[in-house]
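[1] how would this look folded up:
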Amino acid sequence: MYPWETASRRNNRKKPFRPRCKRCKSNKGVIPIVYGFEAKEELLRMEKANLVVYGGVARSVDSPNWRCTKCGEEFLR
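    Presented below is the predicted three-dimensional model:
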């Protein structure tokens, strides 16, 4: 389980949740933006493998939490 996932009813899905991109309407290249965690080796490895984007330590209210790797759009869910 990834550090940003918390236990809930939704976590028993077969596929992980990925919203559709607002610009290109695809959900295949959408990855989460992670805030507030220390940049440990595991997180940096996942970012290098293009599984997450590290957004920094602090997150404001209107900061995006998803990024499309196809078109580069960052958006809220």
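[2] mind listing the residues bridging to the spatially closest residue to Arg59 that is not a sequence neighbour?
    Nearest residue to Arg59, sequence neighbours excluded (C-beta to C-beta, 6 or more residues apart in numbering): Tyr35, at 3.8 Å. In this view, the C-beta of every residue, glycine as well, is placed from N, C-alpha and C. Applying DSSP bridges to Tyr35 yields these beta-bridge partners: Gly56.
[3] and Tyr35, what does it touch?
    Gly55, Gly56, Val57, Ala58, Arg59, Ser63, Asn65 (C-beta atoms under 8 Å, 6 or more residues apart in numbering).
[4] closest to Arg23 out of those residues?
    Among these, Asn65 lies closest to Arg23 (C-beta to C-beta), at 15.9 Å.
[5] wait, that closest one sits on Leu76?
    Yes: the criterion here is C-beta atoms under 8 Å, and Asn65 meets it with Leu76 at 6.0 Å.
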